[in-house]
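Asks: return atomic coordinates for the entry below.
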Amino acid sequence: MQRYCRSAAPWSSINEMLLFVQALVNEVNGYGEKKLTVENIGCRLTELSRKEDCDVIHNLIMTIQDRYKKLQQCTLERGRMLEEVKKNAKQFNESWCLLVDWMAEVEQTLDTHKEIAVTHEEIKQQLTEQKEFQKLLRSKRPMYEATLKSGRTLHERAQTSHDRQHLENLLAELKDTWDTISGKSMERQHKLEEALLFSGRFTDALQALNDWLYRAEPQLAEDVPVGGDKDVVNNLIDKHKAFQKELGKRAGCIRTLKRSVRDLTRSSTADAHWLQEQMSELEGRWEAVCKLSVNKQDRLEAALQQAEKFDGLVHSFMERLTEAERTLKYGVIPEEEEALLAFCKQHKESMSALQAQAVDLENIQCLGEEILASCHPDSIITLKSWLSVTKTRYEEVQTWARQQGHKIQTSLAALEAEKEDVQRLLDWISSAEEALNLREQEPLPETTEQNQELIDQHTVFMEELNKKFPEVENATKSCKHKSISKQQVSPRKRPLTSKPKSYILQPAVPVPLEHLDPQTPQLSQLVSQWQKLWLLAVARQNRLEQHQQTLKEMEEFANFDFNMWRKRYIQWISHLKSRILDVFRSVDRDQDGRITQKEFIDYVLASKFPTNSLEMNAVANIFDMNSDGGILAAATSFSYLFFDENQFIYILLNIMSAHYTILHTV
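Replies: Sure, this is the predicted structure:
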């Protein structure tokens with residue numbers, strides 16, 4: 001065991017852990033550059049992203065920074081803790097080795113001591129040497145007690161059963177060796193005192209016993225403090241047990257001395273009176289010391305109960321505070337309402353438990369002050385430190401609890417404000433939808449001026465709707481985003497129909513907020529109601545503009561001139577560098593020389609020629625010579641485009657007789 005301690009076995013594993021932690025610290029520091037790279041990329045992304053995406057990116061960056069900072073703190077704290085443990089373990093190991101080596105030499109010396117002398121002078125010389133050794137042994141006791149205390153502290157902090165068992169073995173060996181040395185030393189002193197007594201020098205024997213009782217009596221006095229922490233009280237109990245053993249062994253000397261004095265007084269009367277007085281004084285002091293010893297044992301047992309109670313209260317109190325601090329300091333406040341309310345309830349329970357711990361703190365303070373009133377000097381600093389630590393830790397946890405409570409109340413207030421904003425938006429949407437429905441029930445006007453007034457009125461409404469959209473986005477920023485598959489086309493990349501730009505409402509998405517996945521009924525209602533209002537508004541805008549276009553076409557059709565239309569078409573087709581016959585043959589897909597009115601109208605409208613359905617219907621009616629829903633064959637229709645009416649009739653008769661027939665509507 002001694003060789004094992006000299007090889008630094010107790011802290012070699014700590015060195016390995018320190019190397020591991022140092023490597024971990026280096027690895028964490030190495031990730032600092034990657035963290036900076038991620039932060040820079042996130043900053044660039046925020047410059048190119050939408051507002052809601054910027055918030056998500058910012059939250060992710062903050063999360064990375066917080067977790068990295070906590071990781072650095074944890075590794076540094078772990079390193080400092082291991083350094084402290086290594087220092088304490090090394091100090092314990094060195095002290096243990098020094099004491100065990102010294103006690104091994106002392107034990108060997110005690111075992112090889114020469115026999116008890118016979119002559120009075122030699123016995124006194126040996127007794128003097130023994131007293132010097134006792135003084136040396138007492139001088140080593142503080143080091144012995146400090147080593148025991150250090151070992152017990154390491155034992156309490158040990159996390160594995162192997163380490164705890166190893167420390168228990170070391171402490172047991174140290175204590176057994178010390179007790180063995182102390183026992184052998186006391187035994188030799190008793191033998192020397194008995195030898196001195198039997199040598200016939202009763203005066204020296206009486207004086208030696210009186211001196212020992214005189215030294216022991218002040219240590220047993222009622223006013224000697226015996227209170228303190230558990231370690232100090234246990235050390236005092238160990239000392240008192242050793243004293244009681246010594247007291248028990250000296251009882252034989254007292255009995256022998258009494259018997260010798262009684263025999264001397266019977267045979268000689270010269271010093272009988274003086275010897276009886278000395279013996280009476282010795283017996284009185286002996287009985288007083290025995291009584292004080294019993295009283296001190298009782299006081300030590302009571303002090304140990306107090307110390308154990310104080311130790312249990314303090315450790316239980318600190319464990320509960322540590323658990324509460326872990327919840328209060330590192331607990332993440334949720335954002336969802338249901339989870340936030342549950343977290344608030346849990347916080348109230350924690351606050352109630354913390355308030356209950358105030359009673360435990362008061363009990364600790366009262367018991368600590370009571371122990372300090374009769375505290376051993378070696379324990380004053382320790383007790384005051386525990387009293388200060390418990391109070392400070394409680395105030396720290398209480399501060400964390402208040403801060404978290406403030407954060408929870410802030411979150412609840414923000415949540416309530418968001419709910420009020422959502423409700424205000426819902427009320428506005430409901431009013432806007434009602435007003436829009438009332439306008440929809442009104443018949444559309446028959447003049448462009450009146451219809452334009454409705455368009456202007458609806459444009460103002462659309463502007464108000466656009467102004468409200470950022471508020472809706474802000475109210476729904478807490479919503480999660482739907483997952484979009486790779487095959488799904490992004491709304492911003494969907495092809496748009498060729499409509500006038502005035503038909504498109506900004507922002508240009510098919511359905512606003514369709515990417516959101518609301519988690520609360522109120523937000524779901526807001527999103528659905530806003531989408532409904534949006535679509536109704538766009539539909540009314542399209543309807544009004546289409547009606548306006550129809551009214552304009554009707555006004556233009558009132559002055560329709562087929563000749564003007566024909567000239568425009570001939571000019572337009574000439575710009576295309578196409579022959580009319582080829583163009584119209586493309587309409588006649590079955591090549592039977594006949595086309596319908598619908599085919600004719602659809603083709604011209606689809607060709608992007610600047611005309612409208614009213615004009616085309618009029619043109620088709622002109623071409624429908626039989627008024628049966630069909631138009632003439634393609635060549636006849638072409639002639640209508642190039643000649644006036646008389647010329648057309650002449651050419652028509654020639655063409656009809658040659659090749660073509662009149663088409664009847666199918």
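
Asks: low-confidence ranges in the stretch 251-400 of the chain?
Replies: Filtered on pLDDT under 70, the stretch 251-400 of the chain yields the residue ranges 264-272, 329-331.

Asks: quick one, helices of the stretch 351-500 of the chain?
Replies: In the stretch 351-500 of the chain, the helices defined using DSSP state H, counting those that start in this stretch lie at 377-441, 448-475.

Asks: quick check on residue 228: phi, psi?
Replies: When read as degrees, to the nearest 10, the backbone of residue 228 gives phi 150, psi -170.

Asks: how about it, nearest residue that isn't a chain neighbour?
Replies: Excluding its sequence neighbours, the residue lying closest to residue 228 (CB to CB, 6 or more residues apart in numbering) is residue 379, at 2.8 Å. (C-beta placed from N, C-alpha, C; glycine too.)

Asks: try residue 110
Replies: Residue 110 sits nearest to residue 184 (CB to CB, 6+ apart), 4.7 Å away.

Asks: if we can go back for a sec, could you dump the helices of the stretch 351-500 of the chain into TSV and include distance to residue 98 and mean neighbour count?
Replies: Converted to TSV, the helices of the stretch 351-500 of the chain look like this (distance: least, CB to CB, whole Å; neighbours: other CB atoms under 10 Å):
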stretch	distance to residue 98	mean neighbour count
helix 377-441	21	15
helix 448-475	72	15
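
Asks: let's have the ones you listed in TSV, adding distance to residue 256.
Replies: Below are these laid out as TSV (distance: least, CB to CB, whole Å):
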stretch	distance to residue 256
helix 377-441	37
helix 448-475	101
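
Asks: may I see the buried residues of stretch 160-173?
Replies: 163, 166, 167, 170, 171 (16 or more other CB atoms under 10 Å).

Asks: wait, a helix at residue 609?
Replies: No: per DSSP: H, G, I helix; E, B strand; the rest coil, residue 609 lies outside any helix segment and is coil.

Asks: mind checking how far residue 219 is from residue 102?
Replies: Distance of residue 219 to residue 102, given as CB to CB, to the nearest Å: 25 Å.

Asks: hang on, I meant residue 237
Replies: 24 Å.

Asks: again, but for residue 543
Replies: The gap separating residue 543 from residue 102 is 106 Å, by CB to CB.

Asks: what do you get for residue 310?
Replies: Where residue 102 is concerned, residue 310 sits at a distance of 34 Å (CB to CB).

Asks: looking at those two now, which is surrounded by more residues?
Replies: residue 310 (23 against 16; other CB atoms under 10 Å).

Asks: got the contact list for the more buried one?
Replies: Under the criterion of CB atoms under 8 Å, 6 or more residues apart in numbering, the contact list for residue 310 reads 229, 230, 364, 367, 368, 371, 383, 386.

Asks: correct me, but the second one touches residue 306?
Replies: No: Residue 230 is beyond contact range of residue 306, at 9.5 Å (criterion: CB atoms under 8 Å).

Asks: shouldn't residue 290 be within a strand?
Replies: No: applying three-state DSSP, one finds residue 290 to be helix, outside a strand.

Asks: the closest residue to it other than its chain neighbours - how many residues pack around it?
Replies: Closest residue to residue 290 apart from its sequence neighbours, by CB to CB, 6+ apart: residue 247 at 7.0 Å. A count of nearby residues for residue 247, using other CB under 10 Å, gives 19.

Asks: gap between residue 247 and residue 612?
Replies: 128 Å.

Asks: again, but for residue 67
Replies: 66 Å.

Asks: point out where the stretch 1-150 of the chain drops to low pLDDT.
Replies: If you take pLDDT under 70 as the line, the stretch 1-150 of the chain has these spans: 1-13, 52, 113-114, 117-120.

Asks: those helices in it, which residues are they?
Replies: 2-6, 9-48, 51-111, 120-157.

Asks: would CSV of these with distance to residue 316 be doable?
Replies: Formatted as CSV, these follow (distance: least, CB to CB, whole Å):
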stretch, distance to residue 316
helix 2-6, 34
helix 9-48, 28
helix 51-111, 22
helix 120-157, 14
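
Asks: ok, the buried residues of stretch 160-173 vs residue 479, which is closest?
Replies: Of all the buried residues of stretch 160-173, residue 479 sits closest to residue 163, with 52.4 Å by CB to CB.

Asks: so whichever strand or helix holds that closest one versus helix 120-157, what angle?
Replies: Using DSSP states H and E, the element containing residue 163 is helix 161-198. With axes from the mean of the first three to the mean of the last three CA atoms, to 10 degrees defining the directions, helix 161-198 sits at 160 degrees from helix 120-157.

Asks: any idea how far helix 161-198 is from the middle of the chain?
Replies: 53 Å (CA atoms, centre = their mean, to the nearest Å).

Asks: show me what the helix or strand just after that helix is packed up against.
Replies: As assigned by DSSP H and E, the chain's next helix or strand after helix 161-198 is helix 202-219. Using 3 or more CB pairs under 8 Å, 6 or more residues apart in numbering; DSSP states H and E, the elements in contact with helix 202-219 are helix 120-157, helix 161-198, helix 230-267, helix 272-330.

Asks: got the contact list for the residue lying closest to residue 219 once chain neighbours are set aside?
Replies: Nearest non-adjacent residue to residue 219, counting by CB to CB, 6+ apart: residue 243, 7.8 Å away. Shown in contact with residue 243 (CB under 8 Å, 6+ apart): 216, 219, 293.

Asks: now do 10 Å
Replies: Listed by CB atoms under 10 Å, 6 or more residues apart in numbering, the contact set of residue 243 reads 186, 216, 219, 220, 289, 293, 296, 297.
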